[in-house]
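Chemist: Turn this into a model:
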Amino acid sequence: MFNFSDSEAPSQTPRQIARSFRWLGWIGFGLQCALGFIPILVVVANVLFQPGRQQTGRLSLGLWMAIACLFILLFSIYWCFRYTLLARKLEDRDLRPAKSEVIRDLRIGIVVNVASMSIALLIALFRVGELTIRMLTLPQGATVVTPNQVGTTVGSAGTLITPSNMIAIQAMVNTIAAGLIGLVVTMLLLYQVRQHRSSYID
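Modeler: The predicted structure follows:
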């Protein structure tokens, strides 16, 4: 279906293009929903239960960026679903949009997914850098002593990295992966639409 090595590949028919929009749209939608589940939970939990926020009543810059990234991710998930709706219009000759309109929608998808990945990457760089600096402040071979549930103390190496830190990092990786999937889906669709020789998909 996607012959990238052949510059003279035959023009795709509207039904072939519509079929690609449908199955690639559903694949992108399903994968982005699955990957977006953890980031949504992490952001909602941080907004509702962030320690210290009750006293200040304010959100940190990192959390604001995470919220913005989450909204962009949700829009990206909707945009992949929109490709399936666009497939229906491409199958109907009376509703079929112009090629320029389809390309414009695909370009919006590219911008949205690149923005989602960029913000998530900035947050990840900041978060991982913060954890790395925190670990480097410990003397080499040091052991952090923390209280356990019984009230005694136990020695455990590396407890500065908590489960919540790892979940946050996993959420950022998931967001980047979801954006990458959306970008790949959009680029494949854009390639197929551009292979169509006419200015109109007919």
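Chemist: only C-alpha atoms for contact and neighbour calcs from this point on.
Modeler: OK.
Chemist: Helices along this protein, start to end?
Modeler: 14-49, 53-56, 61-91, 99-136, 163-195 (DSSP state H).
Chemist: just checking, what packs against the fourth one?
Modeler: So the one you mean is helix 99-136. helix 61-91, helix 163-195 (3 or more CA pairs under 8 Å, 6 or more residues apart in numbering; DSSP states H and E).
Chemist: try the third one
Modeler: Contacts of helix 61-91 with other secondary structure elements, assessed using 3+ CA pairs under 8 Å, 6+ apart, are made with helix 14-49, helix 99-136, helix 163-195.
Chemist: Just send the helices of the chain back as CSV, with mean pLDDT and mean neighbour count too.
Modeler: Output for the helices of the chain, formatted as CSV (pLDDT from 0 to 100; neighbours: other CA atoms under 10 Å):
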stretch, mean pLDDT, mean neighbour count
helix 14-49, 89, 19
helix 53-56, 52, 10
helix 61-91, 91, 19
helix 99-136, 91, 17
helix 163-195, 91, 20
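Chemist: now the helices and strands packed on helix 61-91 in JSON lines, with distance to Leu70?
Modeler: Compiled in JSON lines, these are given as follows (distance: least, CA to CA, whole Å):
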{"stretch": "helix 14-49", "distance to Leu70": "7"}
{"stretch": "helix 99-136", "distance to Leu70": "8"}
{"stretch": "helix 163-195", "distance to Leu70": "8"}
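Chemist: for those helices, which one sits closest to Ser60?
Modeler: helix 14-49 (10.0 Å; CA to CA).
Chemist: Just want the angle from that closest one to helix 163-195.
Modeler: Here helix 14-49 runs at an angle of 160 degrees relative to helix 163-195 (axes from the mean of the first three to the mean of the last three CA atoms, to 10 degrees).
Chemist: Of all the helices and strands packed on helix 61-91, which one is nearest Ala87?
Modeler: helix 14-49 (4.4 Å).
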